[in-house]
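Participant: Following is a predicted model, sequence given first.
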Amino acid sequence: MAEASASRPASTILLLRDGAAAKEIEVFMMVRHHQIEFNSGALVFPGGSVDAGDQEIVKRSDLYSGGEGLSESDRGFRIAAIRETFEESGILLARSKDSGTPVDAKRAGEIADAHRVALNEHKVSFLSILADNGLQLALDTLLPYAHWITPEGMPKRFDTWFFLAAAPPDQLGAHDGRESTDSIWVSPREAVEGGESGRFKLPFPTTRNLIRLAKQSSVSAALEHARGMSVVTVMPVMTRTETGRQLRISREAGYDGEVFEVGAVG
């Protein structure tokens, strides 16, 4: 019997802003490049694996704030989430080390223009960008929202934390053209409807979190809901049926169900 593959730590952020429509929020999402092995062509939240560079930043408490009371592992997940979001969208959740004020859109844009391409090409480290620009990552702007682990038996497995964060004012974000080929601000309702109509390709965990997020009428309401939540780890159990695949998750995770049909096998 083949040994189960280990799951890689990963993080993703649901960046939120209040929508133009009344009582509707918007979330920043990107279309993954079709040539990427994992979730190619899917509409996803920015994020990715925790890497060795993130662990180096964990050891440098001068490079982040709001990490009090968090374990090293928890800080690593948050640091990776902010780094990946900056790499993929240019949005930067950070503060000035000197003043403690949040990085504004103009400064974030300057830092992205100067360093984002080199960071994506692994020619510069995120640690050096933070240190050279007098920045501290704002770990306390991220609120835990969900924790999903890829089912056993899958070739690539991730242990992923989903975080909620209010998008910094006027930081609109833009896809990198490498890992992602498009980016949009979209209401959770519209994204889910797009998944149902075939307009978007949505991974199962993305869909479940969008449906849950669609119940919130504003960014402040969504953040307040997240603060009061108890996050239950989800590792779906997949079974094959005559009509396709079925996923079973814990009802306690709060996704309005336990058994979900997820389409034809193939």
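Facilitator: That came through fine. Note that this is a predicted model, so its numbers are computed, not measured. Numbers count the residues shown, from 1 in each chain.
Participant: quick one: Asn259 and Arg251 touch, right?
Facilitator: Actually, residue 259 is Val rather than Asn. No - counting by Cβ atoms under 8 Å, Val259 sits too far from Arg251 to count as a contact (9.5 Å). The way it works is simple: take the backbone N, C-alpha and C, and place the C-beta from them, glycine included.
Participant: For Gly100, what are phi and psi?
Facilitator: phi 80, psi 0 (degrees, to the nearest 10).
Participant: for Glu258, same thing?
Facilitator: phi -130, psi -40.
Participant: Distance-wise, check it relative to Val237.
Facilitator: Distance, Glu258 to Val237, by Cβ to Cβ, to the nearest Å: 10 Å.
Participant: intersection of neighbour lists for these two?
Facilitator: Taking Cβ atoms under 8 Å, 6 or more residues apart in numbering as the criterion, Glu258 and Val237 both touch Arg248, Ile249.
Participant: tell me the contacts of Leu92?
Facilitator: When contacts are counted by Cβ under 8 Å, 6+ apart, Leu92 touches Ile82, Thr85, Phe86, Val103, Ala108, Ile111, Ala112, Leu135, Pro168, Gln171.
Participant: Can you list the low-confidence ranges for this structure?
Facilitator: Counting by pLDDT under 70, the chain has low-confidence residues at 1-4, 32-41, 174-181, 263-266.
Participant: May I see the buried residues of stretch 42-50?
Facilitator: Ala42, Leu43, Val44, Phe45, Pro46, Gly47, Gly48, Val50 (16 or more other Cβ atoms under 10 Å).
Participant: then it to PDB, C-alphas only?
Facilitator: Only the C-alpha atoms of stretch 42-50 are listed here, as PDB (Å, rounded to 0.1, in the frame of the first residue of the first chain):
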ATOM      1  CA  ALA A  42      -8.900  28.000 -10.900                       C
ATOM      2  CA  LEU A  43     -10.200  31.200  -9.300                       C
ATOM      3  CA  VAL A  44      -8.500  31.400  -5.900                       C
ATOM      4  CA  PHE A  45      -7.500  33.700  -3.100                       C
ATOM      5  CA  PRO A  46      -3.800  34.800  -3.000                       C
ATOM      6  CA  GLY A  47      -1.600  32.400  -1.100                       C
ATOM      7  CA  GLY A  48       0.900  29.500  -1.200                       C
ATOM      8  CA  SER A  49       3.300  27.400   0.800                       C
ATOM      9  CA  VAL A  50       5.200  28.400   3.900                       C
END
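Participant: what comes into contact with it?
Facilitator: Here stretch 42-50 has contacts from 8-15, 27-32, 76-77, 79-81, 84-85, 87-89, 91, 158, 160, 162, 179, 191, 194-195, 200-203, 206, using Cβ under 8 Å, 6+ apart.
Participant: before we move on, what about stretch 195-207?
Facilitator: Contacts for stretch 195-207 (Cβ under 8 Å, 6+ apart): 39, 41-45, 146, 148, 160, 162, 191-194, 210, 234, 236, 247, 260, 262.
Participant: Narrow those residues to those that are buried.
Facilitator: The buried subset of these - by 16+ other Cβ under 10 Å - is 42-45, 146, 148, 160, 162, 191-192, 194, 210, 234, 236, 247, 260.
Participant: Now, those that are in helices?
Facilitator: Ala191, Val192, Gly194, Leu210 (DSSP state H).
Participant: Kindly present those residues as TSV, with separate columns for distance to Leu63.
Facilitator: TSV is the format used below for those (distance: Cβ to Cβ, whole Å):
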residue	distance to Leu63
Ala191	33
Val192	37
Gly194	38
Leu210	32
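Participant: about what we covered before: which pair of the buried residues of stretch 42-50 spans the longest distance?
Facilitator: Across those, the longest distance by Cβ to Cβ is 22.6 Å; it joins Leu43 and Val50.
Participant: how about the strands of the stretch 51-200 of the chain, start to end?
Facilitator: 64-65, 94-96, 135-138, 143-149, 157-166, 180-186 (DSSP state E, counting those that start in this stretch).
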